[in-house]
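Peer 1: Predicted structure and sequence below. I'll ask about it afterward.
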Amino acid sequence: MKKLVLLATALAMTASSAYAADMAAKAYKAPPPVAFDPWDIAFGAGIMSDYVFRGVTQSNHKPSVTAYFEPRYNVTKDLQLYVGSSYESISFANRAAAEVDIYGGIRPTFGAFAFDFGVWGYLYPGGTCYYGAAADTAGNPLSSECATNALLNGNVMKKDVSFFEAYGKVNYTINDNWSVGLNEYYSPNFLNTGAWGNYSSITAKYTAPSTTFGSSGIGMYVSGEFGRQWLGTSDSFYGTGIAAAGFAGPFPNGINYADYNTWNIGIGFTYKVFTLDLRYSDSDLSKGDCNAFTSDFRAPLNGSFTSINPSGAGSNWCGSTFIAKLSADLTAMTNLK
């Protein structure tokens with residue numbers, strides 16, 4: 001009898017050990033790897049009180065609508081390829097009413113540094129040439145369309161002002177709240193004026209803690225940018241045939257556009273996929289040099305003479321303005337699953 005009891009006890013201990021081993025094996029079993037889907041699509045739309053690009057209104061200080069579509073391919077979690085297209089409503093002197101952008105690039109990430117390199121094309125379909133003469137100031141013949149159409153204030157603009165830029169950007173995330181960035185853009189033929197263009201800027205952004213508005217789900221940020229736009233000399237289409245009294249000129253073969261500084265600062269509020277951005281923008285470009293740069297079709301003849309603006313028309317397209325923008329931004333991986 002005693003032997004039977006000992007045998008039963010030994011069997012029970014063996015069984016218990018086996019069950020414990022099974023439980024331990026199950027408890028530490030590695031989970032299956034998470035599937036990696038490299039493809040994603042970002043898209044969105046918005047409406048803004050004024051479309052401002054580098055301190056210059058593109059919509060004659062009127063409201064503008066925008067939309068974009070951007071397929072993305074994530075080679076790894078730290079390397080993304082992308083192409084995209086966007087649309088903005090505009091109001092140019094050549095009566096172009098839409099800006100259609102086509103772009104593509106690569107976004108590598110190294111720790112807290114996020115880079116972005118690519119090429120951006122700005123297309124402005126539907127324009128009309130406005131010049132009012134059969135030849136430009138250098139004697140080069142112009143089309144009948146250019147000769148027939150003229151702006152009342154004497155400004156001129158080509159039918160097609162499409163151009164492209166190559167760019168490089170880097171953003172450094174300091175912590176959960178702060179980030180700073182550097183941007184560089186270059187075009188060999190800015191706005192198809194014949195002049196090269198180079199834009200450099202620094203940015204900073206503060207993102208408030210997610211608990212700032214309690215459990216409401218509302219986020220907030222404050223951001224700003226300071227940039228400088230350098231410009232070369234235009235072709236003869238934008239040359240000057242006269243000189244204003246006391247100023248240099250004329251420049252029949254083209255004008256050397258004025259370089260300028262621009263800045264903006266704003267506050268934004270986010271809720272789910274929506275963002276409300278309230279922003280102040282300005283530049284130090286004078287009204288006369290702004291007119292020479294933009295060919296503002298509404299610029300009055302108010303004595304804003306400069307060496308490159310002998311007509312004296314003065315434009316407020318480059319001055320201070322307030323911008324309110326409401327947008328919705330989504331990605332297929334996050335919002336459509």
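Peer 2: Thanks, I have it. Remember, it's a predicted structure, so these values are computed and weren't measured experimentally.

Peer 1: doesn't Pro141 make contact with Ala134?
Peer 2: Yes. Between Ala134 and Pro141 there is a contact under Cβ atoms under 8 Å: 6.5 Å. For glycine as for every other residue, the C-beta is placed from the backbone atoms N, C-alpha and C.

Peer 1: quick one: the strands in the stretch 1-150 of the chain?
Peer 2: Taking DSSP state E, counting those that start in this stretch as the criterion, the stretch 1-150 of the chain contains strands spanning 39-48, 52-53, 56-57, 64-76, 79-89, 98-110, 113-123.

Peer 1: Make a markdown table from the ones you listed and add distance to Asp296 to it.
Peer 2: Written out in a markdown table, the entries for the strands of the stretch 1-150 of the chain read as follows (distance: least, Cβ to Cβ, whole Å):
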| stretch | distance to Asp296 |
| --- | --- |
| strand 39-48 | 20 |
| strand 52-53 | 14 |
| strand 56-57 | 9 |
| strand 64-76 | 16 |
| strand 79-89 | 17 |
| strand 98-110 | 17 |
| strand 113-123 | 19 |
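
Peer 1: Between those, which one is closest to Ile218.
Peer 2: Distances from Ile218 to each of these were compared using Cβ to Cβ; the shortest belongs to strand 39-48, at 18.2 Å.

Peer 1: if we can go back for a sec, let me know which of the strands of the stretch 1-150 of the chain is tucked in deepest.
Peer 2: When neighbours are counted by mean count of other Cβ atoms under 10 Å, the highest per-stretch mean among these falls to strand 56-57, a mean of 23.

Peer 1: Go ahead and name everything in contact with it.
Peer 2: Strand 56-57 is touched from outside by Asp50, Tyr51, Thr262, Ser283, Leu285, Cys290, Phe293, Thr294, Trp317, Cys318, Thr321, with contacts defined as Cβ atoms under 8 Å, 6 or more residues apart in numbering.

Peer 1: In helices, which of these fall?
Peer 2: Where those overlap with helices, as defined by DSSP state H, the overlap consists of Cys290, Phe293, Thr294.

Peer 1: could you point out where the protein is predicted with low confidence?
Peer 2: Judged against pLDDT under 70, the low-scoring parts of the chain cover residues 1-36, 337.

Peer 1: so Phe293 makes contact with Ile255?
Peer 2: No. Here Phe293 lies out of contact with Ile255, judged by Cβ under 8 Å, at a distance of 9.3 Å.

Peer 1: from the contacts of strand 56-57, which single one is nearest Asp78?
Peer 2: The nearest member of these to Asp78, counting by Cβ to Cβ, is Thr262 at 32.5 Å.

Peer 1: now that closest one, which residues is it bridged with?
Peer 2: As for beta bridges, Thr262 partners with Gly227, Ser283 under DSSP bridges.

Peer 1: quick one: contacts for it?
Peer 2: If you count contacts by Cβ under 8 Å, 6+ apart, then Thr262 has Arg54, Gly55, Val56, Phe226, Gly227, Arg228, Gln229, Ser281, Asp282, Ser283, Asp284, Leu285 around it.

Peer 1: Of those residues, grab the buried ones for PyMOL.
Peer 2: Typed into PyMOL, the next command selects the buried ones out of the contacts of Thr262 (criterion: 16 or more other Cβ atoms under 10 Å):
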select buried, resi 54+55+56+227+228+229+281+282+283+285
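
Peer 1: ok, so of the contacts of Thr262, who is nearest Tyr186?
Peer 2: Among the contacts of Thr262, Gln229 lies closest to Tyr186 (Cβ to Cβ), at 11.3 Å.

Peer 1: Might one say that that closest one is in contact with Tyr260?
Peer 2: Yes. Using Cβ under 8 Å, Gln229 makes contact with Tyr260 at a distance of 5.6 Å.

Peer 1: overlap in contacts of the two?
Peer 2: Common neighbours of Gln229 and Tyr260, using Cβ under 8 Å, 6+ apart, are Gly55.

Peer 1: Determine which residue lies closest to the centroid of the protein.
Peer 2: Among the residues of the chain, Phe53 comes closest to the average C-alpha position under Cα atoms, centre = their mean, at 8.3 Å.

Peer 1: do you know how far it is from Tyr122?
Peer 2: 9 Å (Cβ to Cβ, to the nearest Å).

Peer 1: now do Gly44
Peer 2: Taking Cβ to Cβ as the criterion, Gly44 is separated from Tyr122 by 19 Å.

Peer 1: Then Lys205?
Peer 2: Lys205 sits 25 Å away from Tyr122 when distances are taken as Cβ to Cβ.

Peer 1: Just give the nearest non-adjacent residue to Tyr103, would you?
Peer 2: Take Tyr103 and drop its neighbours on the chain: the residue closest to it by Cβ to Cβ, 6 or more residues apart in numbering is Trp120, 4.2 Å away.

Peer 1: quick one: contacts for the one you found?
Peer 2: Counting by Cβ under 8 Å, 6+ apart, Trp120 touches Asp101, Ile102, Tyr103, Phe164, Glu165, Ala166, Tyr167, Tyr185.
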